[in-house]
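Q: what follows is a predicted structure for the sequence shown.
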Amino acid sequence: MPKLLKVGQIVNAQGIRGEVKVYPLTDYKERFEELDWVYMGDNIEEKFYIEKVKYKNELVILKLKGIDDRNMAERCKTKYLMIDKKDARELPEDTYFIVDLIGLKVYTNDKILIGTIKNVIQNTGQDLYEIEDHKNPKKTILIPAVEAFIKEVNIEKGYIIVTPIEGLIE
């Protein structure tokens, strides 16, 4: 199975002709103009070809081939639009795909294991790495994904080095 990247999430139907409103999960929402097709969810058996791309505020409005009325579009609500990772854009230096960060071990500068990244929370200020505490798996630690805290990211070797401030990990 190919490694898939989420590029957007359908949040609602738009109009009566089967268009969908998509919240882009990419820093470059015009990316949808460069795509010929997307997968919907984890279903890699069916490609949904993009017929039309428009914009409305922060949302992308897509017309996908085969989704031809409002009822069909509403059934797609909450589903993620995915692409094969091999079709992804090249990222700038020190920028990573979320899918590559999930599962990385997180250590302090002193090589003390903190835990494992289980999610990346994207918000307007900066991303937050959600880390499962290795001593207490029910505990979650949030570390801002900013240079002040993140000292090294090594995708190939599977780890991140952080400089936590007092009280951040306790």
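A: Received, thanks.
Q: flag the shaky bits of this structure, pLDDT-wise.
A: 1-2, 124, 167-170 (pLDDT under 70).
Q: give me the longest strand you can find in it.
A: Counting residues, the longest strand found in the chain (DSSP state E) is strand 43-56.
Q: list the pairing partners of that one within its sheet, with orientation.
A: Applying DSSP bridges to the sheet, strand 43-56 is found paired with strand 37-40 (antiparallel), strand 59-64 (antiparallel).
Q: would you map the helices across the chain?
A: 31-34, 70-75, 98-101 (DSSP state H).
Q: quick one: residues in contact with the last one.
A: It refers to helix 98-101. Residues from elsewhere that reach helix 98-101 (Cβ atoms under 8 Å, 6 or more residues apart in numbering): K3, L4, L5, K6, K85, I117, V120, Q122, Y129, V153, I155, I160. C-beta here means a position set from N, CA and C on the backbone, and glycine is covered the same way.
Q: look up how far E147 lies from the second one.
A: Summarising the geometry, the distance separating L4 from E147, computed by Cβ to Cβ, to the nearest Å, is 29 Å.
Q: between the two, which is the more surrounded one?
A: Shown here are L4 and E147; by other Cβ atoms under 10 Å, L4 has more neighbours (18 against 9).
Q: OK, contacts around the more buried one?
A: Y39, D42, I44, M82, I83, D84, K85, V99 are the contacts of L4 under Cβ under 8 Å, 6+ apart.
Q: next, format the helices of the chain as a markdown table and append mean neighbour count and distance to V11.
A: Below are the helices of the chain laid out as a markdown table (neighbours: other Cβ atoms under 10 Å; distance: least, Cβ to Cβ, whole Å):
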| stretch | mean neighbour count | distance to V11 |
| --- | --- | --- |
| helix 31-34 | 16 | 14 |
| helix 70-75 | 15 | 11 |
| helix 98-101 | 16 | 19 |
